[in-house]
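Chemist: show me the folded form of this:
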Amino acid sequence: MTDAGRVVFLSYASQDAEAAQKICEALRAAGVEVFLDQSALRGGDAWDQKIRREIQDCALFIPVISAHTALRHEGYFRLEWDLADQRTHMIARSRAFVVPVCLDATTEVAADVPESFKRVQWTRLAGGETPPAFVERIKRLVSPELSQEPTGTARAAARIAAAPTTSKPVPAFWRSKAVLVATIAVLVVALGCLAVNQLVLSKRGAFNPPPHSIAVLPFANMSGDKEQEYFSDGLTEELLNSLAAINGLQVAARTSAFSFKGTNTDIGTIAHKLNVGAVLEGSVRRSANTIRITAQLINAVTGFHLWSKTYDRDLGDVLKLQTEIATAVASALKVTLLGDVAAKVELGGTGNPAAFDAYLRGARAYSSIRDSKDLPAALAAYTEAIRLDPHYALAFAGRSIALSGAAGEAATPAAVREGFDKAQADARQALSLAPDLAQAHSALAAVAENGTLDFTQANDEYERALALAPGNAQILRFSGVFAAYMGHFDTGIAAARRAVVLDPLARNSHGVLALALYVARRYEEAVAAWAEVIRLDPEFKSSYANRGLSFYGLGDLERARASCETKPDDWGSQLCLALIYDKLRQHPDAEAELAKMKVALGDAAAYQYATIYAQWGNRGQALEWLETAWRLRDPGLEQLKTDALLDSLRKEPRFQAIERELKFP
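Modeler: Take a look at the predicted model:
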């Protein structure tokens with residue numbers, strides 16, 4: 001296959017040379033001619049002419065995308081990508097030309113690729129390992145007689161038919177999960193049609209959300225009992241999480257999707273605010289003898305229904321009905337997609353209906369927390385789920401994350417240590433039960449980050465969690481803040497921006513972005529991001545303190561003071577005011593703010609006291625409090641590597657000794 005126009009151009013960053021070579025060898029072994037620049041060419045006119053000619057003449061262009069390309073803002077591969085992008089404007093959209101290959105969990109937003117690369121389906125080849133199915137697809141695309149791929153529903157059906165099958169029967173033990181998987185199977189086929197509609201409408205300048213993007217609105221509770229609302233909300237969230245586990249789907253996260261609950265906002269407005277192309281909504285009616293579940297998927301671009309189904313039967317067990325529905329849908333879909341997705345969706349789940357019910361109550365309670373006094377209800381429900389099913393990995397992971405949150409707010413060092421010890425035990429138990437559960441890896445990362453201060457382990461666990469669940473907004477938020485504190489500013493900000501894309505109406509997403517920008521010392525951008533947090537939730541106290549610290553970084557003391565004086569009872573505002581008043585030569589007022597913190601927090605805020613004394617110019621006191629923080633394993637120490645408030649101490653031997661002990665990766 002060496003005739004003109006049959007060549008595949010493989011474009012990659014130098015760090016991905018080994019993976020690109022694997023792909024090249026697999027294609028060449030099948031008789032596909034591949035152009036792979038292995039540094040035989042160099043920059044300059046000759047390079048430019050050769051590359052332009054090859055890209056102009058090639059049959060397919062395969063950009064190799066990874067975390068390496070995302071982090072490189074310059075490189076020859078970017079010139080190649082631009083040249084390929086330019087050529088797409090002269091090629092009919094029905095013809096395949098760009099075939100993006102991603103080597104890891106890098107998302108389309110984080111990848112920083114030309115727009116034409118986002119209009120086509122990506123193939124993920126971990127580390128460049130190239131399966132025969134991919135090679136066969138490339139052979140078809142470069143063969144003149146087979147170059148036309150099916151489009152629309154035919155293409156979606158072809159993908160389903162080609163998906164790997166499994167001899168393992170569909171598990172029936174977690175019935176509430178099984179119906180969700182069945183629903184997902186139908187949605188993916190429907191969303192294949194949606195992508196085509198979006199492409200047509202985008203040419204007219206209409207609303208053009210990302211392909212295969214969806215929001216799941218909270219299913220209405222039709223049971224006549226408001227106390228049952230946690231059940232309908234819980235089922236909705238489980239469906240949302242299940243959809244997010246599917247590669248290729250962009251799912252709006254819970255906080256944003258649930259923000260429209262009870263508002264009667266029209267579907268078009270919701271879709272525009274969340275930037276999604278489809279919306280799933282439904283209802284649940286639950287009683288002693290009857291269960292009715294209704295679901296409908298709407299194309300948010302056209303307003304047409306893509307799919308709808310009502311499940312209705314008299315019986316006393318909702319889980320049994322859901323199993324019957326799942327079985328029927330699985331049969332219609334030949335189980336192919338269902339079997340592939342079920343392993344992810346049901347991972348870490350339970351076969352105990354009462355445990356599942358308790359878990360939903362715990363998740364509802366935790367998602368509603370505003371401060372530490374709300375934690376006991378969530379912990380009690382998770383504990384009840386674990387009591388009912390000691391093998392419930394998701395419940396262990398959920399309780400671990402809640403315990404880490406409580407430990408971070410504990411009033412004494414002993415309470416901090418106890419909380420993190422319990423959180424670590426739960427995270428390890430979750431991993432022993434379900435080693436590939438992303439939430440369990442994230443839970444262990446949180447303990448390593450804030451509890452044991454093992455930053456290398458935290459980094460590894462976050463990377464594993466992201467690889468398993470790249471579309472999980474919560475994991476993106478946690479890992480984004482951590483990356484920024486570790487000095488990986490671009491990575492942290494990219495993760496935060498991706499969380500904002502997935503959860504655009506969530507205060508926490510914008511807060512993480514603002515914090516990552518602040519840590520990177522991009523103070524003006526941080527101020528703007530904190531303003532968005534305040535707009536979304538004016539009662540969230542710490543955002544005023546953090547905005548004040550951003551103004552402080554800019555040297556704008558008056559606006560910093562105004563922001564921090566807004567919620568003066570918050571300890572973060574007290575820290576901020578202790579810094580500002582000192583700079584305004586109101587040192588007695590600064591001392592008074594520090595005293596308030598010490599009364600409320602004791603030694604648990606040792607790290608924060610060190611930052612205050614450092615800014616006051618009292619290096620001796622600052623270093624003493626840092627040493628206390630190290631002795632107590634203060635969670636604040638994760639900020640030490642990048643904290644601008646400690647810059648005056650960085651040349652001090654005592655500071656450097658602590659930094660060495662922390663072993664930042």
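Chemist: in the stretch 251-400 of the chain, which spans are helices?
Modeler: Under the criterion DSSP state H, counting those that start in this stretch, helices of the stretch 251-400 of the chain are mapped to 254-258, 267-274, 318-332, 336-345, 353-367, 375-388, 393-408.
Chemist: counting contacts, what elements does the helix or strand containing residue 599 pack onto?
Modeler: Taking DSSP states H and E as the definition, residue 599 sits inside helix 587-601. In this structure, helix 587-601 packs against helix 571-583, helix 606-616, with contacts taken as 3 or more CB pairs under 8 Å, 6 or more residues apart in numbering; DSSP states H and E. C-beta here means a position set from N, CA and C on the backbone, and glycine is covered the same way.
Chemist: ok, back up a step: comparing the helices of the stretch 251-400 of the chain by mean pLDDT, which bottoms out?
Modeler: With a mean of 36, helix 318-332 has the lowest mean pLDDT of those.
Chemist: residue ranges for the helices of the stretch 501-650 of the chain, please.
Modeler: 507-519, 523-536, 542-554, 557-564, 571-583, 587-601, 606-616, 619-632.
Chemist: turn the ones you listed into a markdown table, including distance to residue 640.
Modeler: Putting those into a markdown table (distance: least, CB to CB, whole Å) gives the following:
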| stretch | distance to residue 640 |
| --- | --- |
| helix 507-519 | 12 |
| helix 523-536 | 19 |
| helix 542-554 | 16 |
| helix 557-564 | 23 |
| helix 571-583 | 16 |
| helix 587-601 | 18 |
| helix 606-616 | 8 |
| helix 619-632 | 8 |
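Chemist: quick one: which of the ones you listed is nearest residue 34?
Modeler: Nearest of the helices of the stretch 501-650 of the chain to residue 34, taken as CB to CB: helix 507-519 at 39.3 Å.
Chemist: show me what the closest one is packed against.
Modeler: helix 254-258, helix 473-485, helix 489-502, helix 523-536, helix 542-554.
Chemist: save those as JSON lines, and put in mean neighbour count and distance to residue 613 too.
Modeler: Shown next, in JSON lines, are the helices and strands packed on helix 507-519 (neighbours: other CB atoms under 10 Å; distance: least, CB to CB, whole Å):
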{"stretch": "helix 254-258", "mean neighbour count": "22", "distance to residue 613": "37"}
{"stretch": "helix 473-485", "mean neighbour count": "26", "distance to residue 613": "21"}
{"stretch": "helix 489-502", "mean neighbour count": "23", "distance to residue 613": "26"}
{"stretch": "helix 523-536", "mean neighbour count": "20", "distance to residue 613": "22"}
{"stretch": "helix 542-554", "mean neighbour count": "24", "distance to residue 613": "16"}
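Chemist: in TSV: those, plus distance to residue 365.
Modeler: TSV is the format used below for the helices and strands packed on helix 507-519 (distance: least, CB to CB, whole Å):
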stretch	distance to residue 365
helix 254-258	14
helix 473-485	16
helix 489-502	23
helix 523-536	22
helix 542-554	21
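Chemist: comparing the ones you listed by mean pLDDT, which bottoms out?
Modeler: helix 254-258 (a mean of 81).
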